[in-house]
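S.K.: Sequence and computational prediction follow.
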Amino acid sequence: MTSLEEAREFVHRKIWRKGVRCPCCDKWCKIQPRPINLNMVNGLYWIYDNTPAGGYVDVPKCGPQWMTKSNQHTTLKHWGLLERAPNTDPKKKHSGMWRVTPKGLRVMMGEPIEKYALIYNDTCYGLKGPMILLKDVRNRFDYSEFIRGTAS
C-alpha cells in the first residue's frame, strides 16, 4: 500500500468479513454484530424511571453500581434508544447525562427492534435482525463471546 487512503479502503473492505489487522497502526479491525443484552435493557428502564421530565439523568453520579460498572447502556445509542446530552465541560470526554429517545420509548412499549447493531470503533454501520422484543431478552453481556464474535 502506498497511501493512507489505500490503507483505509483495504481495511473497510475486510472489516465486514473475518476482520483485518490495520497496515498502518496494527489495530485489529472488525465489524462486530453486537446483540442487545439484559444489562442494556435494565439500563434503559432505569434511565427512563430516573430521568426528570424533559431532561437527562446523570448516570455516573446517580446510576446504580451494576449499571455504571458495565456501562452497557451506552451501546443503546446505536439503536437510537438512548441519547447522550451534549458535553459542555471541556475537561470531560462526555457529559454522562442520558435520556430515552422517542424510539426507545416505543420499543419499551413493545415495538420490535433488530437484535444486532453492526459496530466498529464506536460507529454503527447498520442494524440486523432477527426482530426481537425487549421483554424477551434474557442474555447478559459476555465479553469472551463478544470478542469471539459468538454473542447471541
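M.R.: Everything's here; your move. Numbering: from 1, shown residues only.
S.K.: Only C-alpha atoms from now on, for both contacts and neighbour counts.
M.R.: Will do.
S.K.: and the longest strand belonging to the chain, which residues are buried?
M.R.: The longest strand of the chain (DSSP state E) is strand 123-132. Within strand 123-132, the residues scored as buried using 16 or more other Cα atoms under 10 Å are 124, 127, 132.
S.K.: now those in JSON lines, with pLDDT and distance to Ile113?
M.R.: Listed next are the buried residues of strand 123-132 as JSON lines, based on pLDDT from 0 to 100; distance: Cα to Cα, whole Å:
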{"residue": "Cys124", "pLDDT": "94", "distance to Ile113": "15"}
{"residue": "Leu127", "pLDDT": "96", "distance to Ile113": "9"}
{"residue": "Ile132", "pLDDT": "95", "distance to Ile113": "5"}
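S.K.: SS state for the residue nearest to the spatial centre of the chain?
M.R.: When Cα atoms, centre = their mean is applied to the chain, the residue found nearest the centroid is Thr75 (1.9 Å). Under DSSP: H, G, I helix; E, B strand; the rest coil, Thr75 falls in the helix class.
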